[in-house]
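Trainee: any chance you could fold what I've pasted below:
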Amino acid sequence: MTPISTVVGTAVCLLRDNIDTDTIIPSREIKVVSKTGLGPSLFAAWRYLDSEKREPNPEFILNSQKYHDARILIAGENFGCGSSREHAVWALKDYGFDAVIAPSFGRIFYENCVYNGLLPVVLELQAVLGIVKQIETPGISPEVRIDLLRQHVIGPDGIEHAFEISEANKEMLSSGLDHIAVTEKYIDAIDAFREKDREKRPWAYL
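Mentor: The predicted structure is shown next:
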């Protein structure tokens, strides 16, 4: 995974509550097991008038030229609820998103984000609404900055909003390591423990 320290870019607002993983990527769109190639399937039911022909829905915000290069998605409560399909995170990443900001996330979806290098930011609802209001104001740049190391989101007005993230998740995202790679950092200590334990419990290593 690519290490993350900051994410800076255009933010697009999809401020709906309870957007589930089947909406993020409908089951009929899951035709591969690869992490790549799923970007065109993101929000397919909303994004296209005809999902088979890929005819764009001009009313859907991701089809707006203003947000064609969006890297940050701002969503409503309980984003990523529903099934545990990891393809939802893969589709967001493949589309080009590096972070998602929401007041709350589906638990498994949140974990899948961390495991796949997509930064999930839990931000209080009032802070989210304030940033959305700025972004949607004509003439205001939709650029948002997320500082993972300092755990702050900076909106277009320059005001900082703090967010919480566990040290373990922060380490994985900032170092670009998954669970296995993080464990391997302690391989010497693990080997030393095994050798001592082998002396105490040789029967366990038969």
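
Trainee: would you point out the helix or strand in the chain whose mean pLDDT is lowest?
Mentor: Using mean pLDDT, DSSP states H and E, the weakest-scoring helix or strand in the chain turns out to be helix 179-184, at a mean of 80.

Trainee: please enumerate the helices of this protein.
Mentor: 21-24, 44-47, 87-95, 107-115, 125-135, 167-175, 179-184, 187-200 (DSSP state H).

Trainee: chain neighbours aside, what residue packs nearest to E171?
Mentor: Setting aside the residues directly before and after it, E171 is nearest to V182 in space (CB to CB, 6 or more residues apart in numbering), at 6.7 Å. Every C-beta, even on glycine, is put in place using the N, C-alpha and C of the backbone.

Trainee: so who does the one you found touch?
Mentor: Applying CB atoms under 8 Å, 6 or more residues apart in numbering, we find V182 in contact with A168, E171, M172, S175.

Trainee: filter those residues to the buried ones?
Mentor: Among the contacts of V182, those buried by neighbour count (16 or more other CB atoms under 10 Å) are M172.

Trainee: any chance of the contacts of V182 in a markdown table, plus pLDDT and distance to S84?
Mentor: Shown next, in a markdown table, are the contacts of V182 (pLDDT from 0 to 100; distance: CB to CB, whole Å):
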| residue | pLDDT | distance to S84 |
| --- | --- | --- |
| A168 | 91 | 20 |
| E171 | 92 | 23 |
| M172 | 93 | 19 |
| S175 | 92 | 25 |
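
Trainee: before we move on, the earlier item: how far off centre is the least confident helix or strand of the chain?
Mentor: Here the centre of helix 179-184 is set off from its chain's centre by 20 Å, with CA atoms, centre = their mean, to the nearest Å.

Trainee: what do you get for stretch 46-56?
Mentor: 24 Å.

Trainee: can you tell which of the helices of the chain is closest to H152?
Mentor: Comparison of the helices of the chain against H152 by CB to CB identifies helix 125-135 as nearest, at 10.7 Å.

Trainee: let me see the contact set for S27.
Mentor: Here S27 is in contact with R85 (CB under 8 Å, 6+ apart).

Trainee: swap in Q151?
Mentor: A162, F163, E164, I165, K170.

Trainee: again, only this time at 10 Å
Mentor: V121, E160, H161, A162, F163, E164, I165, K170 (CB atoms under 10 Å, 6 or more residues apart in numbering).

Trainee: then I30?
Mentor: D22, L38, S41, R85, H87, A88, W90, A91.

Trainee: for A189, same thing?
Mentor: Counted by CB under 10 Å, 6+ apart, A189 has zero contacts.
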